[in-house]
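Novice: Give me coordinates for this.
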Amino acid sequence: MLFPNVNDFVDCAAMNAFVGYKSRYENPVTAILTEVYGTLNQCHELKRRKMLCCLPVLYVWFISRVSKGILNATCPVEELLQCKPEIKGANEWAQLCASLSEEKIRWCASWQQGSHIIYHCGNYPNVPLMGIRCCINYNPLLAQRQFGYPMRGSPTSASLATLRIYYEEGTFAEVLHQIRDAWGNIVRAEGDPRSWTVDERIPYNQWLAARVKAVKLPFKLISPDSNVEKRLLNAEVQQAKLLRAELERTKQENVTLTNDLQNLQQNYANLKHDKMESEWVHEELIRKQKQDLTSVNAELRWKSMECGITEISERVRRDLCGEFKRDKQEALEKL
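Specialist: Here you go, the predicted structure:
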């Protein structure tokens with residue numbers, strides 16, 4: 001996919017992609033994706049130019065979308081090896097492509113579940129890519145159904161801003177620096193706050209039909225159905241109803257969770273207040289007990305002092321009585 005259709009020839013750009021992977025652990029997937037988009041764009045601009053370098057990856061991607069799929073497959077290549085699609089000629093491929101409808105396409109493969117889609121990088125409205133021959137961007141809004149996200153409406157012109165630079169056309173160093181800096185600030189689908197990227201007033205299928213007429217795809221439906229547009233519109237309306245119901249249910253859950261959170265916060269405040277009040281009562285009780293203990297100790301000290309004074313007075317009284325008796329006895333003896 002990175003090599004031109006020349007036998008025994010590898011150019012320096014392709015070698016740089018593998019050297020970057022080997023020495024700097026740079027993922028070559030972005031380079032391959034850039035080559036695919038760049039080749040598709042170049043073929044569309046030049047009209048009827050054959051594609052040679054990107055056919056394997058496009059074939060794997062296409063088969064993964066129109067086959068029934070393998071439940072335990074972990075990547076599209078493994079799925080391709082297990083399903084073993086039939087070999088078809090040009091007419092058979094043309095009939096298959098012309099007969100495809102929205103119901104026949106497997107939008108979200110099992111090996112893509114759990115992927116985190118990148119919506120834009122830096123100041124770019126989409127995702128810029130650097131390849132070995134060109135720089136180009138891809139618009140994740142057009143591929144979000146493949147990652148399990150619904151098509152909420154038609155993408156706006158601002159979200160589909162074009163970046164297309166082929167290195168042989170002139171200077172490109174400044175653009176490469178800008179793209180490298182933008183990849184330092186990627187925004188994924190779940191964290192994208194932008195609302196101007198999608199116009200929900202215009203259904204996606206209506207926008208797609210207008211794009212088909214503008215691009216002028218070179219085939220027509222083999223069995224045209226006059227009710228296809230009406231059926232697609234009804235399906236889109238039904239999908240919108242389901243999304244509104246899901247949004248309403250999410251809002252109700254949000255209100256319930258908000259009320260529960262407020263109740264928990266109130267309960268926490270009440271418990272905190274009760275705890276503070278209990279601590280204050282406990283401190284008051286301890287302070288009062290300390291005061292009572294101090295008063296009891298003082299009273300005991302006074303009583304102890306009073307008892308000591310009483311004992312001393314009694315002893316003095318006894319001594320004085322004894323001395324008086326002795327003096328009286330001596331006086332009687334003298335008489």
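Novice: Run through the neighbouring helices and strands of the lengthiest helix in the chain.
Specialist: Under DSSP state H, the helix in the chain containing the largest number of residues is helix 228-334. The contact analysis (3 or more C-beta pairs under 8 Å, 6 or more residues apart in numbering; DSSP states H and E) places helix 228-334 against helix 204-215. No exception for glycine: its C-beta is placed from N, CA and C like everyone else's.
Novice: picking that back up, what pLDDT, on average, does the longest helix of the chain get?
Specialist: What helix 228-334 shows for mean pLDDT is 81.
Novice: got the angle between it and helix 204-215?
Specialist: 130 degrees (axes from the mean of the first three to the mean of the last three C-alpha atoms, to 10 degrees).
Novice: which ones are touching the residue nearest in space to the middle of the chain?
Specialist: For the chain, residue 190 is the residue whose C-alpha lies nearest the centre (C-alpha atoms, centre = their mean; 5.0 Å). For residue 190, the contact set (C-beta atoms under 8 Å, 6 or more residues apart in numbering) comprises residue 116.
Novice: does it count as helix, strand or coil?
Specialist: Following DSSP: H, G, I helix; E, B strand; the rest coil, residue 190 is assigned to helix.
Novice: how many other residues sit next to residue 275?
Specialist: 10 (other C-beta atoms under 10 Å).
Novice: can you check residue 76 too?
Specialist: Residue 76 has 20 nearby residues by other C-beta under 10 Å.
Novice: Repeat that for residue 107.
Specialist: Quick note: residue 107 (other C-beta under 10 Å) scores 15 neighbours.
Novice: and what of residue 40?
Specialist: Counted with other C-beta under 10 Å, residues neighbouring residue 40 total 14.
Novice: any idea whether it is helix, strand or coil?
Specialist: Under three-state DSSP, residue 40 comes out as helix.
Novice: helices and strands around the helix or strand hosting residue 44, which ones?
Specialist: Element membership of residue 44 [criterion: DSSP states H and E] is helix 29-46. Under the contact criterion of 3+ C-beta pairs under 8 Å, 6+ apart, helix 29-46 touches helix 55-66, strand 127-130, strand 134-138, strand 164-166.
Novice: list the contacts for residue 188?
Specialist: Residue 188 makes contact with 116-119, according to C-beta under 8 Å, 6+ apart.
Novice: Just grab the bridge partners of it for me.
Specialist: Here residue 188 sits in beta bridges with residue 118, as judged by DSSP bridges.
Novice: how close does it get to residue 140?
Specialist: Remark: distance between residue 188 and residue 140 (C-beta to C-beta, to the nearest Å) = 10 Å.
Novice: quick one on the thing from earlier: let's see the pLDDT reported for the residue nearest to the centre of the chain.
Specialist: You'll see residue 190 listed with a pLDDT of 74.
Novice: nearest spatial neighbour of residue 30, skipping sequence neighbours?
Specialist: Nearest non-adjacent residue to residue 30, counting by C-beta to C-beta, 6 or more residues apart in numbering: residue 129, 5.4 Å away.
Novice: Tell me the bridge partners for that neighbour.
Specialist: residue 136.
Novice: what sits against it?
Specialist: Taking C-beta under 8 Å, 6+ apart as the criterion, residue 129 is in contact with 30, 33-34, 37, 135-138, 179.
Novice: before we move on, back to that, of the contacts of residue 188, buried ones?
Specialist: 117-119 (16 or more other C-beta atoms under 10 Å).
Novice: gap between stretch 159-172 and the chain center?
Specialist: 31 Å (C-alpha atoms, centre = their mean, to the nearest Å).
Novice: and that stretch, which residues are buried?
Specialist: 159, 163, 165, 172.
Novice: And those residues, which is closest to residue 276?
Specialist: residue 159 (54.8 Å; C-beta to C-beta).
Novice: ok so that closest one is a helix residue?
Specialist: Yes: assessed by three-state DSSP, residue 159 belongs to a helix.
Novice: so how far is residue 183 from the residue lying closest to it once chain neighbours are set aside?
Specialist: Using C-beta to C-beta, 6+ apart and skipping residues adjacent in sequence, the residue nearest residue 159 is residue 197, 3.9 Å away. Using C-beta to C-beta, residue 197 is found at 19 Å from residue 183.
Novice: So for these two, which residue has more residues nearby?
Specialist: The neighbour count for residue 197 versus residue 183, taken as other C-beta under 10 Å, is higher for residue 197 (20 against 17).
Novice: Let me see the contact set for that one.
Specialist: Contacts for residue 197 (C-beta under 8 Å, 6+ apart) come out as 119, 125, 141, 155-156, 158-159.
Novice: where does the stretch 51-200 of the chain dip in pLDDT?
Specialist: Counting by pLDDT under 70, the stretch 51-200 of the chain contains low-confidence ranges at 51-54, 68-73, 110-115, 169-171.
Novice: so where does residue 103 fall, helix or strand?
Specialist: Counting by DSSP H and E, residue 103 is found in no helix or strand.
Novice: Count the neighbours of residue 85 for me.
Specialist: By other C-beta under 10 Å, 11 other residues sit near residue 85.
Novice: That one: what secondary structure?
Specialist: Three-state call for residue 85 (three-state DSSP): coil.
Novice: For it, give me its contacts.
Specialist: 63, 67.
Novice: Residue 125 in helix, strand or coil?
Specialist: Classification of residue 125 using three-state DSSP returns coil.
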